[in-house]
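Asker: following is a predicted model, sequence given first.
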Amino acid sequence: MRQLLRLCPLLLVVALLFGTGPAFAGKRVALVIANSAYQHAPSLTNPVNDGSVMARTLKEAGFDIVDSRRDLTAQETRRVLREFADGTRDADIAVVYYAGHGIEVEGSNYLIPVDAKLERDTDVFDEALSLDRVLVAVEPAKQLRLVILDACRDNPFGKTMKRTVASRGIGRGLAQVEPTSSNTLIAYSAKAGFTAQDGDGANSPFTVALSKHLTTPGLDVRRAFGFVRDDVLKSTGNKQEPFVYGSLGGEDVPLVPVKATAAAAAAPAPNPQADIRRDYELALQVGNRPAWEAFLAQHSDGFYASLAKLQLEKIGAEQAHAAATEKAKQAEAERDRLAAVGAQKDTQAKAAADAKAAEQVQLAAQKAKEQAQQQAAAAEQQRVNLAAAAPSAAPASAASPVGTNVASLTPAIAPADLSRSVQTELGRVGCFSGAADGNWTPSAQRSLSQFNRYAGTKLDVKVASTDALDTVKSKQSRVCPLVCEHGFKADGDKCTRIVCRDGYALNDDNECEKQRAARPAKPATAKRDDGDERPARQRRQAGGEAAGAAGGFGGAAGIAAAAGASRPSSGGQLFCNSGGCRPVNRGCHLEYRGGGGPGNDANAEVCN
C-alpha cells in the first residue's frame with residue numbers, strides 16, 4: 001500500500017504529460033498519390049506498388065474514404081487536392097500519403113507531377129506542387145492532420161536543371177519543415193537533407209514498416225512512427241532514418257481505435273525495458289525540462305536515466321548560454337549608449353569592462369553548451385545503435401549505476417577538430433578558401449559571416465560550434481557565389497579561363513571585344529633647309545610681305561620686312577618700286593619720304 005501511495009504522484013505527472021488513454025477517432029479520410037511514370041525523367045518502380053499497399057492498409061483499417069490515385073499531372077493533382085479538401089471539412093482525421101519525386105528549393109519543399117520538365121530552377125513554382133498546398137487540403141480536419149512523404153529519393157531534375165541565380169540552393173532530399181497548424185504531423189521517409197532507399201523488393205523499406213505499424217489498433221501515431229523508424233534503421237543498416245516533424249498534445253491519437261472486445265483480451269506479459277524505452281522516446285519527442293524531470297521521477301536509475309540526465313544537462317547549458325548571450329547584448333548596448341551621450345570616462349570604462357566580462361561569460365557558456373550537446377548527441381547515437389542491433393532487447397548497460405557517463409562511449413569532438421570540420425564544410429559550400437587547419441581565425445569568422453548572409457542564418461561567428469557545423473552540413477549545394485579572377489569565368493563550381501577567338505581580345509570588363517586595325521605609318525616629310533634658321537612663321541610672313549611690296553604697294557613696313565627676308569651681304573635692305581626689288585647699295589640706307597603708290601616711291605635710297 002505504501003508503495004502504491006508513493007507512485008501516485010508519479011503516475012499523475014506521467015498521465016498529465018503523456019495522456020491517460022487513446023482517443024477514439026471519428027470520421028477518417030485519406031488520399032494516396034503514387035507517381036511512377038514520369039514523362040521527362042526515368043520512371044520509378046516502387047511508388048505505384050507502395051501506393052497500392054498503403055491504400056489497401058488504410059481501407060482494411062476502416063477509413064471512411066480512401067481515394068487512391070496514380071501518375072497525376074500538375075493539373076490533375078490540383079483538382080484532386082481541391083476535391084479532397086472538401087471531404088476533410090467534417091473529418092476528424094485526414095491523411096495524405098505521397099510516393100514519387102520531391103525537390104527542395106530555397107528551403108521549400110515541392111511534389112513533382114509526372115508531366116513536369118523543370119528545365120530551370122524557377123519552373124518549380126509553375127510545374128510542381130508546394131507542400132504548403134497539401135497542408136491546406138488537410139487543414140479542416142479536427143483531431144489529426146497527417147502528411148506522409150515517401151519522396152526523399154535522388155532527384156534527376158536537380159542534376160540537369162539550369163540555375164537562373166547562382167546562389168539559389170537546390171537541396172538533397174527534402175528540407176526540414178515546422179508545421180504552423182496545431183495537431184499536424186509531417187513524416188519523411190528520411191531525415192531532412194538525406195535521401196531514402198527504394199530497397200531490393202517491390203516496396204520501399206519505409207512503406208513496408210508503415211503498413212506494419214501505422215494502423216495498429218489503439219497505438220498512438222507517434223509511437224507507431226517510432227517503431228517505423230526502428231524497422232527502417234535495422235533494414236537499411238542505419239543508413240536511412242525516417243523523421244517526423246510537428247507536435248501533438250498529451251492525449252494518445254491512434255489512427256485506428258481500440259475495439260470494445262479487444263479491451264477484455266488478456267494483456268501480454270509486460271516488458272519493463274520496452275516500457276522505459278518508449279517513455280524515454282516520448283520524453284525525447286517533447287524535449288523540454290518538465291518531460292525529462294517526469295521521466296526521471298518514474299525511472300530514476302539505469303541506462304535510460306543516465307541518458308535523460310545528459311539531456312537535462314544539455315537543456316540547462318542551452319538556457320545558460322541564452323541568458324549569457326542576452327546579458328552580453330545588454331552590456332554592449334549600455335556601453336554604446338554611454339559612449340553616444342558622452343558620459344564620463346570612468347563610467348564608460350566601467351561599462352566597457354562589464355561588456356568585456358559579459359562577452360567572456362558568453363563564450364564560456366557557448367563552450368559548455370557545445371560540450372553538453374556533443375555528449376547528449378553521442379549518447380543518443382549509442383542508444384540508436386543499440387536499438388538497431390537488438391530493438392526488442394534491453395541495452396547491455398541497462399543496469400549501470402546512476403552517474404554513469406554514457407557519452408564516454410563515443411568521444412566528444414575536440415575544439416580544433418570542430419573548427420577544422422566547420423572550415424571544411426564552409427569550403428565545400430564556397431564560403432571559405434583558406435586551409436582547414438583548425439584555427440578559428442578572423443578569416444574563418446568572415447567566411448561564416450558570409451555564409452550567414454547568403455544562407456539567411458544567424459550563427460555566432462566568434463566560435464566554431466556544432467550548431468554551425470550542422471547548419472552548414474545541411475546545405476547540399478554552393479551557398480556563397482563563386483568569384484573568379486580576371487581572365488576567368490564561373491563554370492558551375494569552378495573557374496575556367498576565358499579564350500577569345502581570332503581578332504578579339506579580353507578587355508578590363510572580362511569580355512572579348514574586337515581588336516582595331518593598326519594605323520599605317522606616316523610618310524616621311526622633307527626636312528627644312530638648315531641654311532635658313534629663321535622660324536617658319538617668320539619666313540612665311542616675310543615672303544608674303546615681300547610679294548605685296550613687289551605688287552607696287554611700297555609700304556614702309558612691307559619693305560622693311562622684305563629687307564630682312566633675304567639678308568643680303570649689303571646693308572641688308574631692299575629697294576622696291578614698280579620696276580622690282582634690288583638690294584640697297586653698300587653704304588646706303590632707305591628713308592621713308594611719305595606717300596607711295598603707282599609712280600611715287602615711298603622710300604628713297606640715301607647714300608653717305
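Answerer: All right, it came through fine. Numbering: from 1, shown residues only.

Asker: does Lys367 touch Lys462 like I think?
Answerer: No: between Lys367 and Lys462 no contact is recorded; they are 11.1 Å apart, counting by C-beta atoms under 8 Å. Placement of C-beta: from N, CA and C, glycine included.

Asker: who's in contact with Asp126?
Answerer: With contacts defined as C-beta atoms under 8 Å, 6 or more residues apart in numbering, Asp126 has no neighbours.

Asker: got it, and the one 4 residues further on?
Answerer: Ser130 is in contact with 108-111, counting by C-beta under 8 Å, 6+ apart.

Asker: mind checking pLDDT for it?
Answerer: Model confidence at Ser130, given as pLDDT, is 89.

Asker: what of Phe24?
Answerer: 47.

Asker: and of the contacts of Ser130, the nearest to Phe295?
Answerer: For the contacts of Ser130, the residue nearest Phe295 by C-beta to C-beta is Asn109; the value is 32.9 Å.

Asker: and the closest one, that's in a strand?
Answerer: Yes: using DSSP: H, G, I helix; E, B strand; the rest coil, the assignment for Asn109 is a strand.

Asker: for it, give me its contacts.
Answerer: 102-103, 130-131, 149, 174-175, 177.

Asker: so what sits against both of Lys367 and Lys462?
Answerer: Here Lys367 and Lys462 share no contacting residue, scored by C-beta under 8 Å, 6+ apart.

Asker: which one in the contacts of Asn109 is the model shakiest on?
Answerer: Lowest in pLDDT among those is Ala175, which has 75.

Asker: ok, what's across the strand from the residue nearest to it when sequence neighbours are not counted?
Answerer: In this structure, Ala175 finds its nearest non-sequential neighbour in Glu104, 4.2 Å apart by C-beta to C-beta, 6 or more residues apart in numbering. Counting by DSSP bridges, Glu104 is bridged to Asn109.

Asker: so Glu104 touches Leu174, yeah?
Answerer: Yes: Glu104 lies in contact with Leu174 (C-beta under 8 Å); the separation is 5.2 Å.

Asker: the more surrounded of these two?
Answerer: Leu174 (29 against 25; other C-beta atoms under 10 Å).

Asker: in a helix, that's where that one is, yeah?
Answerer: No: looking at Leu174 with three-state DSSP, it is coil, so not inside a helix.

Asker: show me the contacts for it.
Answerer: Applying C-beta under 8 Å, 6+ apart, the residues near Leu174 are 102, 104, 109, 149, 151-152, 188, 192-193.

Asker: dump the residues you listed into JSON lines; add secondary structure as well.
Answerer: JSON lines is the format used below for those (three-state DSSP):
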{"residue": "Gly102", "secondary structure": "strand"}
{"residue": "Glu104", "secondary structure": "strand"}
{"residue": "Asn109", "secondary structure": "strand"}
{"residue": "Leu149", "secondary structure": "strand"}
{"residue": "Ala151", "secondary structure": "coil"}
{"residue": "Cys152", "secondary structure": "coil"}
{"residue": "Tyr188", "secondary structure": "strand"}
{"residue": "Ala192", "secondary structure": "coil"}
{"residue": "Gly193", "secondary structure": "coil"}
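
Asker: which among these gets closest to Ala141?
Answerer: Leu149 (17.4 Å).

Asker: got the contact list for the nearest residue to Pro156 once chain neighbours are set aside?
Answerer: Excluding the flanking residues, the one nearest Pro156 by C-beta to C-beta, 6+ apart is Ala41, at 4.6 Å. Going by C-beta under 8 Å, 6+ apart, Ala41 touches 101, 156-157.

Asker: so how far is Val253 from Ala41?
Answerer: From Ala41 across to Val253, the span is 37 Å (C-beta to C-beta, to the nearest Å).

Asker: any idea which helix is longest in this protein?
Answerer: Counting residues, the longest helix found in the chain (DSSP state H) is helix 345-389.

Asker: what about that one, average pLDDT?
Answerer: Helix 345-389 comes out at a mean pLDDT of 82.

Asker: give the buried residues for whatever helix or strand comes next after that helix.
Answerer: From helix 345-389 onward toward the C-terminus, using DSSP states H and E, the following helix or strand is helix 415-428. Judged by neighbour count (16 or more other C-beta atoms under 10 Å), helix 415-428 contains these buried residues: 418-423, 425-428.

Asker: what's the spatially most central residue of the chain sitting at in phi/psi?
Answerer: The centroid of the chain falls nearest to Ala455 when counting by C-alpha atoms, centre = their mean (3.4 Å). Per-residue torsions, Ala455: phi -90, psi -10 (degrees, to the nearest 10).

Asker: the residue lying closest to it once chain neighbours are set aside: neighbour count?
Answerer: Of all residues not flanking Ala455 in the chain, Val479 sits nearest, at 5.2 Å (C-beta to C-beta, 6+ apart). By other C-beta under 10 Å, 22 other residues sit near Val479.

Asker: what's the helix or strand for Val479?
Answerer: Using DSSP H and E, no helix or strand contains Val479.

Asker: verify the contact between it and Val429 for me.
Answerer: Yes: Val479 lies in contact with Val429 (C-beta under 8 Å); the separation is 4.2 Å.

Asker: okay, and the common contacts of the two?
Answerer: Contacts common to Val479 and Val429, judged by C-beta under 8 Å, 6+ apart, are Phe451.

Asker: with only the CA atoms kept, save stretch 424-436 in PDB.
Answerer: Output in PDB follows, covering the C-alpha atoms of stretch 424-436 (Å, rounded to 0.1, in the frame of the first residue of the first chain):
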ATOM      1  CA  THR A 424      36.000  22.100 -44.400                       C
ATOM      2  CA  GLU A 425      32.200  22.400 -44.800                       C
ATOM      3  CA  LEU A 426      32.400  26.200 -45.400                       C
ATOM      4  CA  GLY A 427      34.900  25.400 -48.200                       C
ATOM      5  CA  ARG A 428      32.500  22.800 -49.600                       C
ATOM      6  CA  VAL A 429      29.700  25.400 -50.000                       C
ATOM      7  CA  GLY A 430      32.100  28.000 -51.500                       C
ATOM      8  CA  CYS A 431      32.400  30.400 -48.500                       C
ATOM      9  CA  PHE A 432      35.900  29.600 -47.300                       C
ATOM     10  CA  SER A 433      39.000  29.400 -49.500                       C
ATOM     11  CA  GLY A 434      41.800  29.000 -46.900                       C
ATOM     12  CA  ALA A 435      43.400  25.900 -45.400                       C
ATOM     13  CA  ALA A 436      41.200  23.900 -43.000                       C
END
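
Asker: can you tell me what sits against it?
Answerer: 420, 423, 441, 443-444, 447-448, 450-451, 454, 469, 472-473, 475, 477-482, 493.

Asker: kindly recompute the last result at 10 Å.
Answerer: Residues outside stretch 424-436 that contact it (C-beta atoms under 10 Å, 6 or more residues apart in numbering): 166-167, 169, 419-423, 438, 441, 443-444, 446-455, 464, 468-483, 493.

Asker: buried ones only from the residues you listed, please, as a ChimeraX command.
Answerer: In ChimeraX, this line selects whichever of the contacts of stretch 424-436 come out buried by 16+ other C-beta under 10 Å:
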select :167,169,419,420,421,422,423,438,444,447,448,450,451,452,454,455,464,468,469,471,472,474,475,476,477,478,479,480,482
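
Asker: in helices, which of the contacts of stretch 424-436 appear?
Answerer: 419-423, 443-444, 446-455, 468-473.

Asker: what about stretch 277-296, distance to the chain center?
Answerer: Put simply, stretch 277-296 sits 33 Å off its chain's centre (C-alpha atoms, centre = their mean, to the nearest Å).

Asker: now that stretch: mean pLDDT?
Answerer: Here the average pLDDT along stretch 277-296 is 83.

Asker: swap in stretch 59-71?
Answerer: 92.

Asker: report the buried residues of that stretch.
Answerer: For stretch 59-71, by 16+ other C-beta under 10 Å, it's 61, 63, 65-66, 68-71.
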